[in-house]
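Visitor: Just need the structure, nothing else, for what follows:
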Amino acid sequence: MLSDLDPRGYCVLIASSEAHPLVKTGGLGDVAASLPMALRQLGHDARLILPAYPNAKKQVRELKPLMELRMSGVVGSVQLYGGLLPDRDLPVYLVDAPAYFCREGNPYTDVSGRDWGDNPERFLLFSRVVAHVAMGLPPLNWRPNILHSNDWQTGLAAALLREHDERPATVFTIHNLAYQGLFDRATFDRLRLPASLWSLSGLEFHQRMSFIKGGIVFSDRVNTVSPQYADAVRTQRFGCGLDGRLRPLGGRCRGTLHRTTHPRGQHPHDPPPTPRPAGERVHLKAENKLELQRLFGLPRDEHAFVVGHVGRLVEQKGVDLIIDILPRLVTAGRVQLVMQGAGDRALEQALQEAAAAHPERVSVHVGYDEARAHLIEAGSDAFLMPSRFEPCGLNQMYSLRYGTVPIVHNTGGLADTVVDASDAALAAGTANGFLFDDPNADGLWYALEKALRMQREQPQQWRALMLAGMRKDLSWQASARRYVDFYAEAIASRAPLHEAAMA
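Guide: Residues are numbered from 1 along each chain as shown. This next block holds a predicted model:
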């Protein structure tokens, strides 16, 4: 609650293009709502700002207009609204610009899945309002001393603040460097950004404009969503062309493992909302599995080995590897695969064809439904995440909470949260899943076969894996404390950084 905040704490404005439950397309939506709440629990006045998408305006509690913003070059009106998230007492500001944000589709694409053609204008506008709020607007009677921006959609906010002497300290989080907000020089000119930003020390990136580079170059501190991903983005393989910009940052760029809130309230058989010993919840697995099989039209068999997957159906997530192992999976005996997601049309079609060919083994739901997603997590025995790279990943964390054993590629946040079932880890009682090193079908099948063999031949060992995962501390409090330390460093280093960036 507002009255419980420590007056000595930081005032933090968290800018995001999505936040659960208002709008969500991926892990960013979960993080944007969870981190500010964890900061508030530590006594800091954290608030959230995002575009006023139609669904967001419908859901925010106590929504009221705060002020109208007069901005040059903008089509139509721009108003700032304030309220609270529907499921928690988190203050939220909505940037209401109907010509830019009141439309069907998700925040970034139209109903056919194509990027909105005016995304540069949309998220420049959002960044401009974020920068205005970060400088403190009199009607709000509040001014942050930290602006925390996330991903390319907010990358220009720090750039727009660069010359303001009284600006707040700025922190920028990279959730996935593969999505950079890249546009041509004509777009840069059309946006009428300051000419000084078109340089190698500014937004220019191989003769294009990079929104995400703006966040990296002009922020006091930069972080990624897991320690291993912070190392990865400094390499040529995973740096997406920006590794040369990230390596010189040294300690100003680091990884902070993002966590998960307790998955609850999505299904009647979810774990109880109050913490209880993990062993008390294991019995729910059989109920969840039968309900999952019913919902997805598979034979109800509590002894079947059910493997689940939820995520974007794209090559990065290793979905093609799952397709490659299907011939072996459907002949393994009493194994079922349940998947939900959307993405590449060819991958969607291949999965649907597999489900049609093996209706008793494979079931696929193309699209996204939050309740279905949590039921897959809760009812599966194992959860596949063969991502070629994974900055953080939340689904493996949800799986651990539900006692669903993750099978993951040894990369990024997956490796930071899943402890492989090696002999040493099993003996120490720390093992909670299976990792494989080679991102190919054979590597994935080796790990899946190992898991299947343990579940069938060593049930007590399998139960130990489940319990270890359910006991793992994945709460946001530890990460929030690291962010507080990061904020302190950003404030201390704020003054000289941008002079060097523009030199």
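
Visitor: Find the residue ranges of the stretch 351-500 of the chain scoring beneath the pLDDT cut-off.
Guide: 495-500 (pLDDT under 70).

Visitor: and if we set it to 90?
Guide: Applying pLDDT under 90 to the stretch 351-500 of the chain picks out residues 368-371, 374, 389-394, 398, 412-413, 471-478, 493-500.

Visitor: Equivalent analysis for the stretch 201-350 of the chain, please.
Guide: Within the stretch 201-350 of the chain, the segments meeting pLDDT under 90 span 226, 257-286, 312, 333.

Visitor: show me where it has strands.
Guide: Taking DSSP state E, counting those that start in this stretch to define them, one finds strands in the stretch 201-350 of the chain at 204-205, 208-210, 221-224, 253-255, 305-310, 335-341.

Visitor: what lines up beside the shortest one in the sheet?
Guide: Sheet partners assigned to strand 204-205 using DSSP bridges are listed as strand 208-210 (antiparallel).

Visitor: How far off centre is the strand it pairs with?
Guide: 23 Å (CA atoms, centre = their mean, to the nearest Å).

Visitor: going forward, begin numbering at 26 instead of 1
Guide: OK, 26 is where the count begins now, so the last one is strand 233-235.

Visitor: Which residue ranges make up each domain of this protein?
Guide: According to automatic domain parsing, the chain comprises the domains 27-284+502-526, 303-498.

Visitor: With mean neighbour count added, can I get these in TSV?
Guide: Quick note: C-beta positions are derived from backbone N, CA and C, even for glycine. Formatted as TSV, the domains of the chain follow (neighbours: other CB atoms under 10 Å):
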stretch	mean neighbour count
domain 27-284+502-526	19
domain 303-498	20
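
Visitor: Quick check, Y133 in contact with T50.
Guide: Yes - the criterion here is CB atoms under 8 Å, and Y133 meets it with T50 at 7.2 Å.

Visitor: Could you confirm P464 falls within a strand?
Guide: No - P464 is assigned coil when assessed by DSSP: H, G, I helix; E, B strand; the rest coil, not a strand.

Visitor: quick one: it and M410 touch, right?
Guide: No - the criterion here is CB under 8 Å, and P464 misses it with M410 at 11.3 Å.

Visitor: so where's the stretch 76-225 of the chain shaky on pLDDT?
Guide: Where the stretch 76-225 of the chain drops to pLDDT under 90, the residues are 112, 129-131, 135-139, 188, 190.

Visitor: let's go with 70 and repeat that
Guide: For the stretch 76-225 of the chain, applying pLDDT under 70 flags no range at all.

Visitor: Now do the strands in it.
Guide: Counting by DSSP E, counting those that start in this stretch, the stretch 76-225 of the chain has strands at residues 86-93, 104-109, 116-121, 171-175, 194-199, 207-209.

Visitor: Overlap in contacts, P464 and M410.
Guide: Residues touching both P464 and M410 (CB atoms under 8 Å, 6 or more residues apart in numbering) are 343, 434.

Visitor: Just to check, K475 is in contact with F459?
Guide: Yes - using CB under 8 Å, K475 is in contact with F459, at 6.0 Å.

Visitor: any common contacting residues for those two?
Guide: Contact criterion CB under 8 Å, 6+ apart; residues shared by K475 and F459: A446.

Visitor: about what we covered before: okay, the strands of the stretch 226-375 of the chain in JSON lines with distance to W141 next?
Guide: As requested, those are exported to JSON lines (distance: least, CB to CB, whole Å):
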{"stretch": "strand 229-230", "distance to W141": "21"}
{"stretch": "strand 233-235", "distance to W141": "17"}
{"stretch": "strand 246-249", "distance to W141": "26"}
{"stretch": "strand 278-280", "distance to W141": "30"}
{"stretch": "strand 330-335", "distance to W141": "25"}
{"stretch": "strand 360-366", "distance to W141": "22"}
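
Visitor: right, so of these, which gets closest to L354?
Guide: Closest approach to L354 among the strands of the stretch 226-375 of the chain is made by strand 360-366 (5.7 Å; CB to CB).

Visitor: For the closest one, name the packing helices and strands.
Guide: Strand 360-366 is packed against strand 330-335, helix 344-354, strand 387-391, helix 395-404, with contacts defined by 3 or more CB pairs under 8 Å, 6 or more residues apart in numbering; DSSP states H and E.

Visitor: coming back round to it: mind putting the strands of the stretch 76-225 of the chain into JSON lines with distance to Q483?
Guide: JSON lines is the format used below for the strands of the stretch 76-225 of the chain (distance: least, CB to CB, whole Å):
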{"stretch": "strand 86-93", "distance to Q483": "49"}
{"stretch": "strand 104-109", "distance to Q483": "49"}
{"stretch": "strand 116-121", "distance to Q483": "48"}
{"stretch": "strand 171-175", "distance to Q483": "42"}
{"stretch": "strand 194-199", "distance to Q483": "40"}
{"stretch": "strand 207-209", "distance to Q483": "49"}
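
Visitor: Nearest to V332, out of the ones you listed?
Guide: Among those, the nearest to V332 by CB to CB is strand 194-199 (30.7 Å).

Visitor: partners of the helix or strand where L75 lies, with directions?
Guide: Assigned by DSSP states H and E, L75 belongs to strand 70-76. Strand 70-76 pairs in its sheet with strand 36-40 (parallel), strand 116-121 (parallel), by DSSP bridges.

Visitor: all helices of the stretch 376-525 of the chain, in order?
Guide: Secondary structure of the stretch 376-525 of the chain (DSSP state H, counting those that start in this stretch): helices located at 395-404, 420-427, 437-442, 448-453, 466-482, 484-496, 501-526.

Visitor: report the angle between the axes of the longest one and strand 36-40?
Guide: Going by axes from the mean of the first three to the mean of the last three CA atoms, to 10 degrees, helix 501-526 is angled at 80 degrees with respect to strand 36-40.

Visitor: how about the strands paired with strand 70-76, which one is nearest V509?
Guide: Nearest of the strands paired with strand 70-76 to V509, taken as CB to CB: strand 36-40 at 9.1 Å.

Visitor: what's the angle between the closest one and strand 171-175?
Guide: When the same axes, to 10 degrees is applied, the directions of strand 36-40 and strand 171-175 differ by 20 degrees.

Visitor: Give me the distance from strand 36-40 to the chain's centre.
Guide: Put simply, strand 36-40 sits 17 Å off its chain's centre (CA atoms, centre = their mean).

Visitor: what's next to the helix or strand just after that strand, contact-wise?
Guide: Sequence order places helix 52-66 as the next helix or strand after strand 36-40, per DSSP H and E. Residues from elsewhere that reach helix 52-66 (CB under 8 Å, 6+ apart): 29-30, 35, 37, 39, 41-46, 48-49, 71-73, 75, 110, 113, 115, 175-176, 200, 250, 283-286, 417-419, 500-502, 504-505, 508-509.

Visitor: and what of stretch 450-466?
Guide: Stretch 450-466 is contacted by residues 343, 346, 349-350, 411, 413, 421, 424-425, 430-436, 439-440, 443-447, 468-469, 471-473, 475-476, 486, 489-490, 493-494, 497 when judged by CB under 8 Å, 6+ apart.

Visitor: For it, measure first residue to last.
Guide: End-to-end span of stretch 450-466 (CA to CA, to the nearest Å): 25 Å.

Visitor: Restricting to C-alpha, output the strand holding L75 in CSV.
Guide: What follows is strand 70-76, C-alpha atoms only, in CSV (Å, rounded to 0.1, in the frame of the first residue of the first chain):
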residue,chain,number,x,y,z
ASP,A,70,7.8,3.9,-4.5
ALA,A,71,7.8,2.0,-7.8
ARG,A,72,5.2,2.9,-10.4
LEU,A,73,4.5,1.5,-13.9
ILE,A,74,3.8,3.3,-17.2
LEU,A,75,2.6,1.7,-20.4
PRO,A,76,0.5,2.6,-23.4
